[in-house]
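**Q** Coordinates only, no sequence provided:
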């Protein structure tokens, strides 16, 4: 009994700091967001007016919110598909083809992930510069004088700005997930591929019948994490590159919430947006876990 009590006390002492910090910095603020979404408050005054669900009614009638919602979903879908598709393909090539300089390619692909969002935003803002940017300068080789006189506004066009941000986000994320999948693929026994080759199975079929099923658990875990983190990363990219412009065309969930809560001094309405983002993220994670659930394959 004494040993059990001592063990329980030890476990409690180890877990208590983490639980306390989680409650202070996560649980209590989350509950407060739900509470403040029921008030009309500017954020900088002591006066608060309880309005119930009025903030949510305004939210559902806001065209700006639906535009931010559309942009967020577009970013999540395209960035996730492109990033994971390219990361898995690059990982398979560098792992299975036994290319020289694998360590070099790992480092080169991983470098964007260690850069801060501000640095990445500055790099791509310079690339997208309409007059002296690398992208327009390259395209002007084919467009000629017309390109010089009518430069493409990558961050100033309502039709192009969101896709310009997507490219920056994909470039930033590919290397990290490629390295993770390379580590998973390296653990697959070569004997499985050798047996498949002896039976006449090609590389592409081996990839879909051996590689993907055996690293699926890793893909499933990273997919859920990436999709949720994309919501936060998209805000950082938008804030640093366009600040939601032009005319709100690049606004996403959190940038719209930030504008309403801190720029327009509609803190209660901003918290209502935060509640919507929280529920959307929770539902999305649940759907992803259900859709990607597979029987675990061991080797």
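**A** Perfect, thanks for sending it. Remember, it's a predicted structure, so these values are computed and weren't measured experimentally.
**Q** Tell me, how many residues neighbour the residue nearest to residue 134 when sequence neighbours are not counted?
**A** Counting by Cβ to Cβ, 6 or more residues apart in numbering, residue 134 lies nearest to residue 127, which is 4.8 Å off, once chain neighbours are set aside. Every C-beta, even on glycine, is put in place using the N, C-alpha and C of the backbone. Residue 127 is flanked by 17 other residues according to other Cβ atoms under 10 Å.
**Q** residues touching residue 127, list them.
**A** Listed by Cβ atoms under 8 Å, 6 or more residues apart in numbering, the contact set of residue 127 reads 133-135.
**Q** ok, now how distant is it from residue 174?
**A** Distance, residue 127 to residue 174, by Cβ to Cβ, to the nearest Å: 17 Å.
**Q** Please apply the same query to residue 62.
**A** Taken as Cβ to Cβ, the spacing of residue 62 relative to residue 174 amounts to 34 Å.
**Q** can you count the residues close to residue 150?
**A** Neighbours around residue 150, by other Cβ under 10 Å: 10.
**Q** likewise residue 250?
**A** The burial metric for residue 250, expressed as a neighbour count using other Cβ under 10 Å, is 28.
**Q** packing partners for the strand or helix carrying residue 268?
**A** Mapping residue 268 onto the secondary structure by DSSP states H and E places it in helix 267-291. In terms of contacts (3 or more Cβ pairs under 8 Å, 6 or more residues apart in numbering; DSSP states H and E), helix 267-291 is packed against helix 28-36, strand 39-40, helix 54-60, helix 63-96, helix 216-241, helix 253-258.
**Q** Would you mind checking the average pLDDT for the helix or strand just after the fourth one?
**A** Yep, that's helix 63-96 we're talking about. Following helix 63-96 in sequence order, the next helix or strand is helix 102-114 (DSSP H and E). Averaging the model's pLDDT scores along helix 102-114 yields 82.
**Q** repeat for stretch 86-93
**A** Model confidence over stretch 86-93 averages 90 on the pLDDT scale.
**Q** could you point out which element follows the worst-scoring helix or strand of the chain on mean pLDDT?
**A** Across the helices and strands of the chain, the lowest-confidence element by mean pLDDT, DSSP states H and E is helix 145-149, at a mean of 76. Counting by DSSP H and E, the next helix or strand C-terminal to helix 145-149 is helix 161-186.
**Q** tell me which residues in that next one are buried?
**A** Of all the residues in helix 161-186, those buried under the rule 16 or more other Cβ atoms under 10 Å are 161-162, 164-182, 184-185.
**Q** Provide the backbone phi and psi angles at residue 150.
**A** The main-chain torsion angles of residue 150 are listed as degrees, to the nearest 10 and equal phi -130, psi 70.
**Q** Do you know the pLDDT at it?
**A** At residue 150, the pLDDT recorded in the model is 86.
**Q** Residue 32 too?
**A** At residue 32, the predicted lDDT confidence score is 90.
**Q** For it, grab the count of nearby residues.
**A** Should you count by other Cβ under 10 Å, residue 32 turns out to have 11 residues around it.
**Q** next one: residue 128
**A** Residue 128 - counted by other Cβ under 10 Å - has 24 other residues nearby.
**Q** thought it was touching residue 160?
**A** No - using Cβ atoms under 8 Å, residue 128 makes no contact with residue 160, being 9.1 Å away.
**Q** Between these two, which contacts overlap?
**A** What both residue 128 and residue 160 touch, as defined by Cβ under 8 Å, 6+ apart, is the set residue 154.
**Q** about what we covered before: tell me which of the helices and strands packed on helix 267-291 sits most buried.
**A** With neighbours taken as mean count of other Cβ atoms under 10 Å, the helices and strands packed on helix 267-291 reach their highest mean count in helix 253-258, at a mean of 24.
**Q** Show me what that one packs onto, helices and strands only.
**A** Using 3+ Cβ pairs under 8 Å, 6+ apart as the contact definition, the elements that helix 253-258 packs against are helix 63-96, helix 216-241, helix 267-291.
**Q** In JSON lines: those, plus distance to residue 111.
**A** As requested, these are arranged in JSON lines below (distance: least, Cβ to Cβ, whole Å):
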{"stretch": "helix 63-96", "distance to residue 111": "14"}
{"stretch": "helix 216-241", "distance to residue 111": "17"}
{"stretch": "helix 267-291", "distance to residue 111": "28"}
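**Q** Leaving out chain neighbours, which residue sits closest to residue 285?
**A** Among residues not flanking residue 285 along the chain, residue 224 sits closest, at 5.5 Å (Cβ to Cβ, 6+ apart).
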